[in-house]
Each structure stands twice: as structure tokens, then as C-alpha cells.
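**Q** quick one: sequence and predicted model below, then my questions.
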Amino acid sequence: MLGYFWSAFAVSQVPEGTVIEEQIPESNSNNENLNQEGDHTYSENTLPESNDKLFQWVSEKAKALSKAAYKENKSELPQTLDNLSYQQYRSIRFNPNAALWKNESEFEIQLFHPGFLYKKLISLNLIDKPQTHARLKFNSNDFIYEREATHIPNELNVDSVTDKMLGYAGFRVHYPLNSNIYKDELIVFQGASYFRMVGPQQTYGISGRGLAIDTGEPEGEEFPYFVEFWLKQPTENEYSLVVFALLDSPSVSGAFQFLIKPGIHSEIDVNSKLYPRKNIKKLGVAPLTSMFLYGENKTKFVDDFRPEIHDSDGLQILLASGEWLWRPLRNPQELSITSSTIENLKGFGLAQRDRAFDNYSDLEAKYETRPSLWIKPMSEWGEGRVELVEIPTNSETNDNIVAYWVPSKPVLAGDELSFDYRISTYNANAPGFDAAFVKSTRTSWAAIAGESNPPPKSNRQFVVDFAGIEIDRLSANANIKANLTLSSGEYENLRVVKLPEGKGWRVYFTLIPSDNTVIDMRLNLSLHDQRISETWNYVWNSNAIQ
């Protein structure tokens, strides 16, 4: 069963933007059998050797956690850390010479200092041979304190509270992704269940998340947290890293296994098991979070020298039929939540398709280098929907875009759910995509210059450009047809023309809304009745200029 058209609705009076950083509670697991060795406190226990058995071990911890009432442990930070300002926190950096596994493998681990927004500690455990795990205790000697933060080490040394600090605010993984001379940042875990990953020559932008619960719901969103991690040390010749994580929240606990594989497309194979404590209204699986302030489809004047500002510019979906959908992102005036029911989803992702510097002209943000992320189910997810949440914002510091999969089957307390999938980084187009693609979407009032009796402002001129190696080679006289369907309203003046200098094909049409305020549009190109492009899918709210 496939619902092509998106169901859409708007909710007013929603606070602008979203929380970028979430605090993390420390693990609910106990700290028994602690011993001292060197600078770190650790717990030594023999663990299963295989990854499958280790994942099952973490899953059993999550299952047991779900049977108890949720308890958020609160970290006791020294006052000097609890009151850190932004500038002070920015003045603290990890000493790269203290990196875990330094010169022992291709991977190195650097740690994030507690304080500022990150007042809740996560438990970090290192698994080495012979399958023992060491829980890291906070060590201020691993950090360099500069400028506004130079006083902090002395204050920490006289504060006995740090003796109880079994954790950090997060960690990042370094790997020789772009050069054998230097180990680049590959992936960061910091804040709630958020993580960010890059591929070669990319810079951080879009975030992945372990789970989303009730995103966009009037009652408010619940943020699950990764409360404990186990990092399995790779051997000298291993080129993948295994990380296990325990997730917890008032509604659900869960176990995650991340198999991190750097490469041309950095990848993470994710195995997850979820154990709901109570019924969950909306479970968001494999959520992606990004930012879209404005792009070429903006309709309002923006007082900024940069032509576009966004980490992602579209949602791409692969259906079981082999059809690709492309949903250009918007910065709406009201919260917008749209979804499409799909059975046997083949994949979805948020893409930064526009890779041209001139379209951003930002030497610092480098938006053209932000990664795209693709989610490919590695097990049968059944029937559900891909949901896109677009939140109004006036700042590029707010992550206002969220996309995830929602299973149709109700999620009930006591269930045991499994979702396996692969996350891949890419640039313009998802792995396996080979059709003509939407290059840009533009819209304006449909009036003609100098027209004495212009149409109402609600009548919109749409200009959609398609490009691709195959269609760029076609003659301007090729029998390319534009196929347009609307959920409501009418259109006129539909035509398709070839752009000069091999820059693709352009489709024009005028949208004439009816009384309905939300119009779902679908457009693709065909040659001799054979579809040759992805399907452009745009939701227009005729009640407000967007």
C-alpha cells in the first residue's frame, strides 16, 4: 500500500527554532567493583567476545532498565564547571596527546569536557583484550585550559567532588579520513542521542539521532539519551570501529550497536533494540536533524549577503517500486508536519544537493561541504510513514528540520522492537541514484510585468530545473514531457524547455489554488512514456507566502 500524496497540517503558536544541544543524564548502571589503575577508575569484568553477544549483553541491560521506573541520575558537578560560560567552555580543549588508543590503531578517541550546556555526564567504557572493560573517570590533566579557562584546573584540584565524576560530556572519533598524515574528526557523540558524522572533504552539519519521540506533538517532544557507551578497541590493522550504547528516557530504554566504517562514503551499520516502558504516541526511527533557513525557493527578502543558508536542501525517498521522490525543504511560517505512507521503504535521507560555493559565498560556514545522510533499512520495517517536520526559524543556529520513519503498528509498553539500518554519508545524490534530478526550485507571483489586471498573489509561478548526464545530452527537440499532478487546485501554462550550455531542462507552470490551503504537487519528466527523472514533490500552503 502506497500513499503518494503527503498528508499535511500546520500547528500555530509553536516556539521558534529547536533545541540544538540536549543535556545527558549519567548512566543508571551501578559502579561496583571499582579499582584504581593509572589515572582512571575502572571496573574489570569479563565480557562476551563476539559483537553479537556483546550487543545481546547491552540489550539485556536495556530490557532490565525498562522494567524499572525511570530515574534520571543527576551529576554533581563542581560549581566552577556548573557555572561555565560559553567563552570559558570554548577555551577548554582536549589535549590530542592524551587521545585514547593513540598510536595503537587507526582510530583515536578524544573526550569532551563537562560544563556549560553539558552538565550531565555519560559513562564511557573501553573494551580491550581480553574482553575487559574500563570505565573512564574524569581527568582534568587530559585537557588544555586557555584564556578565560586558565583558573579552572586549580579550582578542580581542590574540589573533592571531581573524585566522583565517572564520565565526560561526550566523545569524538578521529581517523585518517583525508590523509595518512593527520587523523580527522570522523564522528561525534554529544548531547542527548545526537551524533554527527562526515565523509571525505566534508564538514559537520546534519545530525543523526538514536531515537525521536513525539516530535512536533502539542504535548512536547521527549528526548531520549545515550547514558552509557562501550567502545571496543580495534586492532592495529582494523578499519572499522564498534560502539555500543545504552539509551534511556521516561518512555523507552534501548540498546544500540554502531559499526563505524570510514571510506569514500563513511557508513554506520546500526542495530537497535527498543523496550518501551509505556505506550508511545509517535516513535521516530532513524531520525535525522538539520537546518534550513532559506534557499533558492525563498519568497521573502533576506537581509544577508549570502544567497542561501542551509545544512540540507531536500528530503529524498526511495520507494519499493524503484521511484525516487525529492521534497525541497522550506522554512515555513508555521510548524509543518507532512508524511507519506510507504510499505517496504527502501531508503530516505536529508541531502545537501547544492554543492556550489557561489550559491552560499560563506568562507567560514562552508555550507557546500556539509554532508548528506542516507538511511537504508537492513531489515523489514513493514508499513509506516516517512515524516518531515519543518519548524519556522529566523536563525541558522537552530536545527529546524527533522525527518524519521514512523511504524504504523502501535508501540505499546512491554513490546520488544528491532530496527536495523545503514547510515551513509554522500554529497549530492544518494547511493544507487541514477535518474535525472531536481537541480533547483523557484517560485514567485504569477503576474506578468506591466500587467494592468494582475492575478491574485495566491497564483504562483513555479520554475523547476532538472539535470543529469543523460538528459543534458538530449536534443532541444527531444520529446520530453512534464507530468504534473495536484492534490487540489489547478495549473496552467505547463511547458518544458532545454536550458542553454547543457544545464538541464526547465519546467514552468502556474499554480491556481482552490479554497484548500495545502496543495501537494508531484512532477516528473518522461521520454516516450518512460519516466526519466525523480519525482519532484512540493507542498504549498496557499494561505501564506512562504
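**A** Noted; the coordinates are in hand.
**Q** the strand or helix carrying Lys439 - contacts with which helices or strands?
**A** Assigned by DSSP states H and E, Lys439 falls within strand 437-445. Packed against strand 437-445 by the contact rule (3 or more C-beta pairs under 8 Å, 6 or more residues apart in numbering; DSSP states H and E) you find strand 324-328, strand 460-467, strand 535-541. C-beta coordinates here come from the backbone N, C-alpha and C atoms, glycine included.
**Q** ok, now with 10 Å
**A** Packed against strand 437-445, as judged by 3 or more C-beta pairs under 10 Å, 6 or more residues apart in numbering; DSSP states H and E, are the following elements: strand 314-318, strand 324-328, strand 460-467, strand 505-512, strand 518-527, strand 535-541.
**Q** neighbouring strands - and their directions - for it?
**A** Strand pairing for strand 437-445, using DSSP bridges, gives strand 460-467 (antiparallel).
**Q** the strand it pairs with - what's its average pLDDT?
**A** Across strand 460-467, the average pLDDT comes to 96.
**Q** same thing with stretch 220-240?
**A** 93.
**Q** can you give the distance of it from its chain's centre?
**A** Stretch 220-240 sits 16 Å away from the centroid of its parent chain (C-alpha atoms, centre = their mean, to the nearest Å).
**Q** alpha carbons only: can I get that stretch in CSV?
**A** Provided in CSV are the C-alpha atoms of stretch 220-240 (Å, rounded to 0.1, in the frame of the first residue of the first chain):
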residue,chain,number,x,y,z
GLY,A,220,6.0,18.4,23.6
GLU,A,221,8.9,16.2,22.4
GLU,A,222,10.7,13.7,24.6
PHE,A,223,14.5,13.5,24.1
PRO,A,224,16.0,10.0,24.8
TYR,A,225,19.6,10.0,26.0
PHE,A,226,22.6,7.8,25.4
VAL,A,227,23.6,7.3,29.0
GLU,A,228,26.4,4.8,28.6
PHE,A,229,28.8,3.7,25.9
TRP,A,230,31.2,0.8,25.4
LEU,A,231,34.0,1.4,22.9
LYS,A,232,35.7,-1.7,21.6
GLN,A,233,39.3,-1.1,20.8
PRO,A,234,40.2,-2.1,17.2
THR,A,235,43.5,-3.9,16.4
GLU,A,236,46.2,-2.1,14.6
ASN,A,237,45.0,-3.4,11.2
GLU,A,238,41.3,-2.9,11.7
TYR,A,239,39.5,-0.3,9.7
SER,A,240,36.1,-0.3,11.5
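**Q** still on that earlier bit, give me the buried positions along the strand holding Lys439.
**A** Across strand 437-445, burial judged by 16 or more other C-beta atoms under 10 Å covers 437-441, 443.
**Q** quick one: that strand to strand 518-527, angle?
**A** 130 degrees (axes from the mean of the first three to the mean of the last three C-alpha atoms, to 10 degrees).
**Q** mind saving the C-alpha coords of strand 437-445 as PDB?
**A** Presented in PDB, the C-alpha positions along strand 437-445 are these (Å, rounded to 0.1, in the frame of the first residue of the first chain):
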ATOM      1  CA  PHE A 437      17.500  15.000 -10.500                       C
ATOM      2  CA  VAL A 438      15.900  18.200  -9.400                       C
ATOM      3  CA  LYS A 439      18.500  20.900  -9.500                       C
ATOM      4  CA  SER A 440      16.500  23.900  -8.200                       C
ATOM      5  CA  THR A 441      13.000  25.000  -7.200                       C
ATOM      6  CA  ARG A 442      11.900  28.700  -7.600                       C
ATOM      7  CA  THR A 443       8.600  30.400  -7.200                       C
ATOM      8  CA  SER A 444       7.100  33.900  -7.500                       C
ATOM      9  CA  TRP A 445       3.900  35.700  -8.000                       C
END
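**Q** oh, and call the first residue 35 from now on, that's how I've got it
**A** Okay, using 35 as the starting number, the last item reads as strand 471-479.
**Q** that one vs strand 569-575, what angle?
**A** Inter-element angle recorded for strand 471-479 and strand 569-575: 30 degrees (by the same axes, to 10 degrees).
**Q** you'd agree Ser560 is up against Asn517?
**A** Yes - the pair Ser560 and Asn517 passes the contact test of C-beta atoms under 10 Å, sitting 5.9 Å apart.
**Q** what's the overlap in contacts for the two?
**A** Common neighbours of Ser560 and Asn517, counting by C-beta atoms under 10 Å, 6 or more residues apart in numbering, are Ser567.
**Q** how is the protein carved up into domains?
**A** 41-460, 471-575 (automatic domain parsing).
**Q** what's the helix or strand for Val530?
**A** Assigned by DSSP H and E, Val530 falls in strand 524-532.
**Q** pull up the pairing partners for that strand, direction included.
**A** Short version: by DSSP bridges, strand 524-532 pairs with strand 539-546 (antiparallel).
**Q** using PDB, list the CA coordinates for stretch 325-334.
**A** Written as PDB, here are the backbone C-alpha positions of stretch 325-334 (Å, rounded to 0.1, in the frame of the first residue of the first chain):
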ATOM      1  CA  MET A 325      18.900  23.300   9.400                       C
ATOM      2  CA  PHE A 326      17.200  25.100   6.500                       C
ATOM      3  CA  LEU A 327      17.000  28.900   6.800                       C
ATOM      4  CA  TYR A 328      16.400  29.800   3.100                       C
ATOM      5  CA  GLY A 329      17.300  28.600  -0.400                       C
ATOM      6  CA  GLU A 330      16.500  29.500  -3.900                       C
ATOM      7  CA  ASN A 331      12.800  28.800  -3.200                       C
ATOM      8  CA  LYS A 332      12.500  31.700  -0.800                       C
ATOM      9  CA  THR A 333       9.700  34.200  -1.400                       C
ATOM     10  CA  LYS A 334      10.800  36.900   1.100                       C
END
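**Q** sweet, I'm off.
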